[in-house]
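K.L.:
below: sequence and its predicted model.
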Amino acid sequence: MLDSITPLLTDPAAWAALVTLVVMEVVLGIDNLIFISILSNKLPPEHRQRTRRIGIGLALIMRLGLLATIGWIVGLTAPVFDLGIHGETFDTAFSWRDLILIAGGLFLVWKATKEIHHAVDTTPSNDHLLEKDKKDVVINNVGSAIVQIILLDLVFSIDSILTAVGMTDHVPIMMVAVIIAVIAMLVASDPLANFIDKNPTVVMLALGFLLMIGAVLIADGFGVHVPKGYIYAAMAFSALVEGLNMMSRNARMKKDAAEAAIADKGADI
């Protein structure tokens with residue numbers, strides 16, 4: 001193993017591939033991190049950080065395990081059945097990768113739609129639950145959240161690893177890139193989740209991102225490839241607009257607070 005790694009340490013091409021893979025893994029991990037943040041924020045505060053760390057830790061284990069079986073992963077791109085309908089827009093020769101992407105995309109669309117419904121639903125929560133029932137619900141929700149994180153980790157892991165295979169043939173480079181990217185996700189998970197939790201409009205924007213990503217995964221599964229650059233450019237533009245809106249709201253709130261303070265002083269006089 002060391003004999004295969006040592007030559008890579010002095011190879012500039014290997015270092016360039018590592019940097020490129022790290023950037024790619026971090027960018028692809030943004031989708032996963034948004035999902036984990038939204039899902040964990042549905043839990044009680046004392047369970048959120050632990051759930052995020054478990055989910056991201058399982059993502060690392062899963063990706064390293066998939067890299068160890070890289071030959072099997074590459075085989076997932078081979079067609080398993082063909083509906084016999086071929087055209088310029090889409091192809092109906094489906095591989096296991098296509099089926100996984102379609103299933104993952106449908107899951108994301110369903111989950112994001114469900115969360116949007118909960119966000120706009122004004123029905124009162126079940127505050128009448130007994131304390132024991134609440135504890136059972138929390139335990140079930142933590143388990144459900146971890147299971148959903150694992151399922152989506154599988155989809156994103158297979159997609160990112162297949163992308164990495166096209167960039168380098170060296171498994172050690174892929175493993176190092178995955179470890180660095182997952183550590184970056186772990187560091188960014190709490191600040192991102194807290195930011196999303198404190199800004200309700202950001203939650204809706206993030207759910208919109210998940211809807212878009214789910215639709216892209218479904219399209220990719222059907223052979224309609226949407227360049228990732230377009231997706232992330234749209235996400236960055238939307239985030240920029242939302243950032244400007246937040247700055248505008250904060251400035252307006254400070255102005256209103258200052259005017260209210262001046263009015264209170266005038267009333268006292």
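P.N.:
Here it is on my side, so go on. Numbers count the residues shown, from 1 in each chain.
K.L.:
outline the domain layout of the chain.
P.N.:
Listed domain ranges for the chain are 2-226, 233-269 (source: automatic domain parsing).
K.L.:
look up how far Ala181 lies from the residue most central in space within the chain.
P.N.:
For the chain, the residue nearest the mean C-alpha position is Asn32 (1.7 Å; Cα atoms, centre = their mean). Distance, Asn32 to Ala181, by Cβ to Cβ, to the nearest Å: 10 Å. No exception for glycine: its C-beta is placed from N, CA and C like everyone else's.
K.L.:
just the helices in the stretch 151-269 of the chain please.
P.N.:
Ranges of helices within the stretch 151-269 of the chain are 171-198, 200-221, 228-268, based on DSSP state H, counting those that start in this stretch.
K.L.:
coming back round to it: skip the chain neighbours and tell me the closest residue to the residue nearest to the centre of the chain.
P.N.:
Excluding its sequence neighbours, the residue lying closest to Asn32 (Cβ to Cβ, 6 or more residues apart in numbering) is Phe156, at 4.8 Å.
K.L.:
so what pLDDT did that neighbour get?
P.N.:
According to the prediction, Phe156 has pLDDT 76.
K.L.:
what's the mean pLDDT across stretch 258-265?
P.N.:
pLDDT averaged over stretch 258-265 gives 76.
K.L.:
ditto for stretch 162-172
P.N.:
On average, the pLDDT along stretch 162-172 is 67.
K.L.:
that stretch spans what distance, first to last residue?
P.N.:
15 Å (Cα to Cα, to the nearest Å).
K.L.:
okay, stretch 46-61 in CSV with CA atoms only?
P.N.:
Provided in CSV are the C-alpha atoms of stretch 46-61 (Å, rounded to 0.1, in the frame of the first residue of the first chain):
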residue,chain,number,x,y,z
GLU,A,46,-30.3,18.7,22.4
HIS,A,47,-30.4,16.1,19.6
ARG,A,48,-29.5,18.2,16.6
GLN,A,49,-25.7,18.3,16.8
ARG,A,50,-25.4,14.6,17.6
THR,A,51,-27.7,13.7,14.7
ARG,A,52,-25.7,15.8,12.3
ARG,A,53,-22.4,14.3,13.4
ILE,A,54,-23.7,10.8,13.2
GLY,A,55,-25.1,11.5,9.7
ILE,A,56,-21.9,13.0,8.4
GLY,A,57,-19.8,10.3,10.1
LEU,A,58,-21.9,7.6,8.4
ALA,A,59,-21.4,9.5,5.1
LEU,A,60,-17.6,9.2,5.5
ILE,A,61,-17.8,5.5,6.3
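K.L.:
and the strands in the stretch 51-200 of the chain, which stretches?
P.N.:
Secondary structure of the stretch 51-200 of the chain (DSSP state E, counting those that start in this stretch): strands located at 79-86, 91-95.
K.L.:
pick out the shakiest of these, pLDDT-wise.
P.N.:
strand 79-86 (a mean of 68).
K.L.:
listing request: residues of the protein with sub-threshold pLDDT.
P.N.:
Along the chain, segments meeting pLDDT under 70 span 1-14, 70-71, 73-74, 83-92, 121-140, 163-170, 266-269.
K.L.:
ok so the residue nearest to the centre of the chain is a helix residue?
P.N.:
Yes - counting by DSSP: H, G, I helix; E, B strand; the rest coil, one finds Asn32 located in a helix.
K.L.:
most packed of the domains of the chain?
P.N.:
Per residue and on average, the most neighbours among those fall to domain 2-226, with a mean of 16 (mean count of other Cβ atoms under 10 Å).
K.L.:
ok, the residue nearest to Asn32 to Val187 distance?
P.N.:
18 Å.
K.L.:
what does Ala258 give?
P.N.:
Counting by Cβ to Cβ, the gap from Ala258 to Val187 is 37 Å.
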